[in-house]
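# predicted model and sequence below, questions to follow.
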Amino acid sequence: MGKHIVILGGGTAGTMTANRLCRTYAERDLRVTVVDQDDDHLYQPGLLFVPFGLAQPHHLVRSRPRQLDAAVDYKQARIEGVDLDARAVHLAGGIRLPYDVLVVASGATLLPEETEGLTGPGWGEKVFTFYDLPGAAGLHDALERFDGGRVVIDVADLPVKCPVAPLEFAFLADWYFQRRGIRDKVQLTYVTPLDGAFTKPVAAKALGGLLKEKGIELVTEFTLGEVDGAGGRLVSYDEREVPFDLAVVVPLHGGAQYVGRSEGLGDELGFVPVDPHTLQHPGRPEVFAIGDAAGLPASKAGSVAHFEGEVLVHNIGRFLAGRSLDASFDGHANCFVETGFHKALLIDFNYDTEPLPGHFPGPVGLPLLKESHAAHLGKLAFEWLYWHSLLPGRELPGIGSAMPEHGKHHVNA
């Protein structure tokens, strides 16, 4: 019997990793088990479109085990914790799962209850999030009823899944209210804990310029401390206030709860610290983390999990063979930013290189940091690629894990 690889989490990162392992190694060499607490695999990028009636909730959910290779053993169970010394995972019902290699791929968890007042009066009425399916569906109904006033899109604090999604929501809200003919009655405000529209200066200038062009107010360095739903106010830790009639809040994120219950596994936020280039836990060489669960200075986005996966799968084999690990993951992230009116822009960056203008994946390709209809079509096509290419563990021709330098233009912000 081959070595036992246990993957905790059957979302994007966990599914891609399991399927890649099955494609890369013979079944006699590796035995792969995936654990998750439910059967619903959610296409998370689609949540952005639900509030605007551009996607239907039931189209975004498919069966977890049906996305996995037939050789994968899928267990639907609650994870109680990991005993690192015993190299075993404890599941609900007293099930003990020993492993030779553990991959933590259980993503990030929304923690709205951690912000004072967020889930209090007004929650689900005039205070929403689109970062889960019930919230996105409720926000769709709220937007349909909304006939004017101040809409505030707020990022409570970082890190969050898909850091560009809140910006995309603001851009799509501008488009949505124009389409309804009431844009002149709606004040849009984008509130962020960052000092600009994005983390890096060149992209922050470009995206901040788009906000200004679309008449969307930008409030920076605002870390959410309290939501006064009854009074319609967001209050920062430094006691600044932003009034709202409808608030769209991206709540605090943390790692999966079992990480906090597993001594030595995670950090204070519940994310798993790993080497930024090999994805290996610094104190436990048989433990790796991938995707949103990993405590890395990379974006928590699906593209990052895809690029990480190529290196991770090689490293599992190298670790089991007693060889030195591949330290080639460079933090590569690649995101389509929907900007409304059937346009989007593409950003491509890594640990060392910020999003720059140019083209991807080379001098002839999609434009970077520039609105185009082609990028919008790329955003729409990604859903098909997700289900039929990325999740099954297939490589995208011409797009590797390393960020391409060719085609980028270095500029000053």
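Cool, the structure landed. On a predicted model such as this, the values are computed, not experimentally measured, just so you know. Numbers count the residues shown, from 1 in each chain.

# doesn't L356 lie inside a strand?
No. Under DSSP: H, G, I helix; E, B strand; the rest coil, L356 falls outside any strand and is assigned coil.

# read off the pLDDT value for it.
Listed pLDDT for L356 reads 94.

# any idea what D36 is bridged to?
Q76 (DSSP bridges).

# list the contacts of it.
L8, G9, G10, G11, G14, R64, Y74, Q76, S106 (Cβ atoms under 8 Å, 6 or more residues apart in numbering). Using the backbone N, CA and C atoms, a C-beta is placed for each residue, glycine as well.

# V89: which of those residues is nearest?
For these, the residue nearest V89 by Cβ to Cβ is L8; the value is 6.7 Å.

# show me what the closest one is bridged to.
With DSSP bridges as the rule, L8 is bridged to V35, V104.

# all strands in the stretch 151-300 of the chain, in order from the N-terminus.
186-191, 216-219, 224-228, 233-236, 241-243, 246-250, 253-255, 272-273, 287-289, 294-295 (DSSP state E, counting those that start in this stretch).

# most tightly packed of the ones you listed?
Most buried of the strands of the stretch 151-300 of the chain, by mean neighbour count (mean count of other Cβ atoms under 10 Å): strand 287-289, with a mean of 28.

# and P51, that's in a helix?
Yes. Per three-state DSSP, P51 lies within a helix segment.

# just to revisit the earlier point, and the strands of the stretch 151-300 of the chain as a markdown table, adding distance to A55?
Compiled in a markdown table, the strands of the stretch 151-300 of the chain are given as follows (distance: least, Cβ to Cβ, whole Å):
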| stretch | distance to A55 |
| --- | --- |
| strand 186-191 | 21 |
| strand 216-219 | 22 |
| strand 224-228 | 27 |
| strand 233-236 | 27 |
| strand 241-243 | 28 |
| strand 246-250 | 16 |
| strand 253-255 | 22 |
| strand 272-273 | 31 |
| strand 287-289 | 30 |
| strand 294-295 | 28 |
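
# now the spatially closest residue to V235 that is not a sequence neighbour: how far from Y131?
Excluding the flanking residues, the one nearest V235 by Cβ to Cβ, 6 or more residues apart in numbering is E226, at 4.2 Å. Computed as Cβ to Cβ, to the nearest Å, the E226 to Y131 distance reads 19 Å.

# and if you look at N350?
Distance from N350 to Y131, by Cβ to Cβ: 25 Å.

# quick one: E383 and Y43 touch, right?
Yes. Counting by Cβ atoms under 8 Å, E383 does reach Y43; the two are 6.4 Å apart.

# returning to what we had before: buried subset of the contacts of D36, written for ChimeraX?
Those of those that count as buried under 16 or more other Cβ atoms under 10 Å are selected in ChimeraX with:
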select :8,9,10,11,14,64,74,106
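
# which among the contacts of D36 gets closest to L368?
Of these, the one sitting nearest to L368 (Cβ to Cβ) turns out to be G11, at 27.8 Å.

# distance of that closest one relative to G117?
30 Å.

# same thing with V50?
Where G117 is concerned, V50 sits at a distance of 25 Å (Cβ to Cβ).

# over to L172?
L172 is 26 Å from G117, by Cβ to Cβ.

# any stretches of this structure with poor pLDDT?
1, 413 (pLDDT under 70).

# give the buried residues for the helix ranked longest in it.
As assigned by DSSP state H, the longest helix anywhere in the chain is helix 302-320. In terms of neighbour count (16+ other Cβ under 10 Å), helix 302-320 has its buried residues at 302-317, 319-320.

# and for stretch 400-413?
Buried residues in stretch 400-413, counted by 16+ other Cβ under 10 Å: S401, M403, P404, G407, K408.

# ok, now stretch 277-293?
So for stretch 277-293, counting by 16+ other Cβ under 10 Å, buried means 277-281, 284, 286-293.

# tell me the one of these nearest A142?
Nearest to A142 among the buried residues of stretch 277-293, with distances taken as Cβ to Cβ, is D292, at 26.8 Å.

# could you check which helix or strand contains G14?
Element membership for G14, per DSSP states H and E: helix 12-24.

# ok and that helix relative to helix 302-320, angle-wise?
Angular relation of helix 12-24 and helix 302-320 on a 0 to 180 degree scale: 50 degrees, by axes from the mean of the first three to the mean of the last three Cα atoms, to 10 degrees.

# show me what helix 12-24 is packed against.
strand 3-8, strand 30-36, helix 302-320 (3 or more Cβ pairs under 8 Å, 6 or more residues apart in numbering; DSSP states H and E).

# circling back: next SSE after the longest helix of the chain?
Next along from helix 302-320, by DSSP H and E: strand 333-340.

# contacts for the next helix or strand after that following strand, please.
Toward the C-terminal end, the helix or strand that comes next after strand 333-340 (DSSP H and E) is strand 343-349. Contacting residues not belonging to strand 343-349 are listed as 164, 200, 203, 206, 331-339, 355-356, 360, 366-373, 375-376, 378-379, 403-404, 408 [Cβ under 8 Å, 6+ apart].

# could you check the angle strand 343-349 makes with strand 333-340?
If you take the same axes, to 10 degrees, strand 343-349 sits at 160 degrees to strand 333-340.

# let's see strand 343-349 as CSV, backbone CA atoms only.
This file holds the C-alpha atoms of strand 343-349, laid out as CSV (Å, rounded to 0.1, in the frame of the first residue of the first chain):
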residue,chain,number,x,y,z
LYS,A,343,-15.4,45.2,-19.5
ALA,A,344,-12.7,43.9,-17.1
LEU,A,345,-9.0,44.4,-16.5
LEU,A,346,-6.4,41.7,-15.8
ILE,A,347,-3.7,41.9,-13.2
ASP,A,348,-0.7,39.6,-12.9
PHE,A,349,1.8,39.8,-10.1
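
# what are the buried residues along that strand?
Buried-residue list, strand 343-349, by 16+ other Cβ under 10 Å: K343, A344, L345, L346, I347, D348, F349.

# let's have these in TSV, adding distance to E395.
Shown next, in TSV, are those (distance: Cβ to Cβ, whole Å):
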residue	distance to E395
K343	29
A344	24
L345	25
L346	19
I347	21
D348	17
F349	21
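
# ok, so of those, who is nearest F222?
In terms of Cβ to Cβ, no member of the buried residues of strand 343-349 lies closer to F222 than I347, at 23.0 Å.

# check contacts around the residue nearest to the closest one when sequence neighbours are not counted.
Leaving aside its sequence neighbours, I347 sits nearest to P355 (Cβ to Cβ, 6+ apart; 3.8 Å). Applying Cβ under 8 Å, 6+ apart to P355 gives the contacts F198, K200, V202, A203, I347, D348, F349, L368, L369.
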